[in-house]
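J.: Sequence first, then the predicted structure, then my questions.
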Amino acid sequence: MQHQKILILDFGSQVTQLIARRVREAHVYCEVHPCDVTDDWVRQYAADGALKGVILSGSHASVYEVDDKAPPAVFELGVPVLGICYGMQTMAQQLGGQVEGGHTREFGYAEVRARGHTALLKGIEDFHTPEGHGMLKVWMSHGDKVTALPPGFKLMASTDACPIAGMADEARRFYGVQFHPEVTHTVQGRALLERFVLDICGARPDWVMRDHIEEAVQKIREQVGDEEVILGLSGGVDSSVAAALIHRAIGDQLTCVFVDHGLLRLHEGDMVMDMFAGKLHAKVVRVDAADLFLGKLAGVNDPEAKRKIIGGLFVDVFKAEAGKLTASGASKNGATWLAQGTIYPDVIESGGAKSKKAVVIKSHHNVGGLPEQLGLKLLEPLRDLFKDEVRELGVALGLPHDMVYRHPFPGPGLGVRILGEVKKEYADLLRRADAIFIEELRSTIEPHSGKTWYDLTSQAFTVFLPVKSVGVMGDGRTYDYVVALRAVQTSDFMTADWAELPYALLKRVSGRIINEVRGINRVTYDVSSKPPATIEWE
Ligand SMILES: Nc1ncnc2c1ncn2[C@@H]1O[C@H](COP(=O)(O)OP(=O)(O)OP(=O)(O)O)[C@@H](O)[C@H]1O
Ligand SMILES: O=c1[nH]c(=O)c2[nH+]cn([C@@H]3O[C@H](COP(=O)(O)O)[C@@H](O)[C@H]3O)c2[nH]1
Ligand SMILES: NC(=O)CC[C@H](N)C(=O)O
Ligand SMILES: [Mg+2]
């Protein structure tokens with residue numbers, strides 16, 4: 001089925017993917033593409049009539065500094081266009097208005113007055129001023145502003161610092177907002193984006209995970225034909241859902257490869273094997289590659305270098321396993337496809353959405369870490385989906401709740417949770433400390449919600465700090481390592497708050513770690529949010 005769609009042009013903002021997230025939440029399919037696609041590309045993209053609207057993202061740059069413009073064809077397609085922040089500024093400049101820099105600087109919370117009774121903002125407001133003006137509570141992040149409206153546009157919103165905080169040409173259905181409707185801090189952001197895609201663009205809300213299964217299965221069958229596939233199975237949400245989906249499509253042509261790189265959590269290997277043997281009925285091979293990974297990581301301190309090494313070794317292992325299928329007689333030609341549970345945020349965060357505009361924060365091992373010459377065709381059926389869509393798909397495929405709602409665990413595993421050089425000694429200590437933390441989170445219930453703290457946090461783990469501090473235990477002196485506990489709450493992993501865990505819980509965890517794990521004598525709690533920190537420490 002051909003889905004109607006929204007095109008999001010990415011100018012390099014760190015929150016572009018949230019625009020896509022919000023559009024998908026309105027059940028409208030959308031894609032993010034780099035802003036420097038050509039006019040021909042845009043016309044081709046729109047040729048089948050499925051394109052219902054375009055959204056231009058924000059950027060860290062200024063319109064007068066860089067040459068990033070929307071392809072002019074965007075304004076000639078006859079579909080609605082929404083510019084957000086830089087997107088609004090470039091729209092203004094390209095259509096004959098004016099943008100100036102330097103003096104505004106609004107970062108964070110702001111109150112915007114809705115003006116001009118536009119179709120976009122009609123009835124969308126958070127409160128009224130005593131004079132009766134409709135007001136929106138929004139999140140801003142800009143230093144430049146539109147100072148003259150382009151011909152045909154009227155004023156749609158304003159703040160004290162930014163008199164043109166929104167503009168509209170309702171005849172052509174072009175809209176611009178200086179604030180960011182895609183972030184949750186903009187209270188009516190979701191309503192505004194829904195208004196744009198559903199009412200103004202008139203896109204059909206036909207993007208539903210239940211229906212997506214059949215489409216995805218069909219596509220996998222067409223892609224793969226009668227060839228063999230191996231899949232990197234981690235036991236995490238994404239690869240488990242990918243495995244279930246691919247297994248449904250091609251059954252025994254799929255072999256799952258679970259790599260134990262020596263950087264897994266306590267008992268994780270056995271648990272994953274048990275879970276899959278029972279639930280998935282797919283072939284799973286376990287590869288013990290701890291010596292290989294730990295050997296190659298010896299002496300390496302730099303986080304990006306570690307990530308690239310791990311990504312490369314994963315591929316080496318997958319390739320070797322693909323070849324072994326032939327040798328064992330399990331398949332005629334060996335596997336020709338490598339499947340991964342790569343999801344959309346992995347792609348976007350690695351700067352891999354073809355756009356090279358955004359700064360790379362971390363290379364995810366399965367995207368930025370892949371070598372140029374893979375030698376296997378890539379099958380990534382979840383590549384366009386966000387995490388909660390993947391979870392919805394998992395439930396629809398009948399996977400158990402526990403599996404689908406596990407906290408994510410990064411592919412490089414403890415490799416990015418041991419700061420600097422990775423050593424087996426460190427990994428062994430960390431595994432035990434981490435197991436205690438998770439066990440306590442799982443067994444401590446928060447009375448108001450009745451939920452465990454594991455369910456109330458999005459991701460929680462322990463980080464190993466290779467520094468020693470002095471302690472006193474049983475009247476003796478200790479000089480041992482430090483660990484940090486990390487627990488965050490987030491809906492999209494793009495921004496996150498540290499979780500306000502109860503002191504009693506922290507106390508229990510700290511007491512148990514120091515008493516039970518000899519070699520660690522100090523436990524700290526990480527109280528940094530993302531941004532400016534990230535969730536993992538490396
Ligand atoms: N230990 C592993 N063995 C084999 N493949 C792995 C392993 N760890 C990661 N991968 C591959 O890398 C992909 C990306 O890892 P990632 O952690 O993002 O996803 P996941 O583990 O499937 O889900 P989650 O995000 O819930 O942890 C996985 O989907 C899987 O294909
Ligand atoms: O599969 C993965 N491979 C990686 O290389 C990787 N790096 C970070 N993460 C996970 O991504 C989310 C955001 O993490 P950060 O705030 O640390 O960037 C968090 O959920 C992290 O655990 C990874 N997952
Ligand atoms: N977030 C943005 O898109 C900012 C755009 C531009 N850099 C400004 O400061 O106004
Ligand atoms: Mg994982």
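T.: That came through fine. Numbering: from 1, shown residues only. Ligands and ions are numbered 1, 2, ... in the order given.

J.: and Leu441, what is it in contact with?
T.: By Cβ atoms under 8 Å, 6 or more residues apart in numbering, Leu441 lies in contact with 452-454, 457, 460, 487, 505. For every residue, glycine as well, the C-beta is placed using N, CA and C.

J.: hang on, it in a helix?
T.: Yes - counting by DSSP: H, G, I helix; E, B strand; the rest coil, Leu441 falls inside a helix.

J.: quick one: the strands in the stretch 1-150 of the chain?
T.: Here the stretch 1-150 of the chain has its strands, by DSSP state E, counting those that start in this stretch, at 5-10, 29-34, 51-56, 81-84, 98-100, 106-114, 127-128, 134-142, 145-148.

J.: Given the fourth one, what are its sheet partners and their directions?
T.: Strand partners for strand 81-84, identified by DSSP bridges, are recorded as strand 51-56 (parallel), strand 174-177 (parallel).

J.: and that strand, how far from the chain's centre?
T.: 22 Å (Cα atoms, centre = their mean, to the nearest Å).

J.: In CSV, could you pull the C-alpha coordinates for it?
T.: Presented in CSV, the C-alpha positions along strand 81-84 are these (Å, rounded to 0.1, in the frame of the first residue of the first chain):
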residue,chain,number,x,y,z
VAL,A,81,5.2,23.9,3.8
LEU,A,82,6.0,24.5,7.5
GLY,A,83,9.3,26.1,8.5
ILE,A,84,10.6,25.6,12.0
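
J.: So is it next to ligand 3?
T.: No - against ligand 3, strand 81-84 shows no contacts by Cβ under 6 Å from any ligand atom, the least distance being 7.1 Å.

J.: still on that earlier bit, from the contacts of Leu441, which two are the most distant?
T.: Thr452 and Ala487 (12.3 Å; Cβ to Cβ).

J.: okay, these two: which has more neighbours?
T.: Ala487 (27 against 15; other Cβ atoms under 10 Å).

J.: Identify the residues contacting that one.
T.: 441, 453, 457, 459-460, 498-499, 501.

J.: now do Gly341
T.: 231-232, 234, 236-243, 366, 380, 382, 390.

J.: So what does it have for phi and psi?
T.: phi -90, psi 40 (degrees, to the nearest 10).

J.: With pLDDT and secondary structure added, can I get the contacts of Ala487 in JSON lines?
T.: Output for the contacts of Ala487, formatted as JSON lines (pLDDT from 0 to 100; DSSP: H, G, I helix; E, B strand; the rest coil):
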{"residue": "Leu441", "pLDDT": "98", "secondary structure": "helix"}
{"residue": "Trp453", "pLDDT": "98", "secondary structure": "helix"}
{"residue": "Thr457", "pLDDT": "98", "secondary structure": "coil"}
{"residue": "Gln459", "pLDDT": "97", "secondary structure": "strand"}
{"residue": "Ala460", "pLDDT": "98", "secondary structure": "strand"}
{"residue": "Trp498", "pLDDT": "97", "secondary structure": "strand"}
{"residue": "Ala499", "pLDDT": "98", "secondary structure": "coil"}
{"residue": "Leu501", "pLDDT": "98", "secondary structure": "coil"}
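
J.: looking at the strands paired with strand 81-84, which is buried most?
T.: Greatest average neighbour count among these goes to strand 174-177 (a mean of 28), per mean count of other Cβ atoms under 10 Å.

J.: Pick the most deeply packed of the strands of the stretch 1-150 of the chain.
T.: For these, the highest mean count by mean count of other Cβ under 10 Å goes to strand 81-84, at a mean of 28.

J.: pLDDT averaged over that strand, what's the number?
T.: Strand 81-84 shows a mean pLDDT of 98.

J.: Cool, thanks, talk later.
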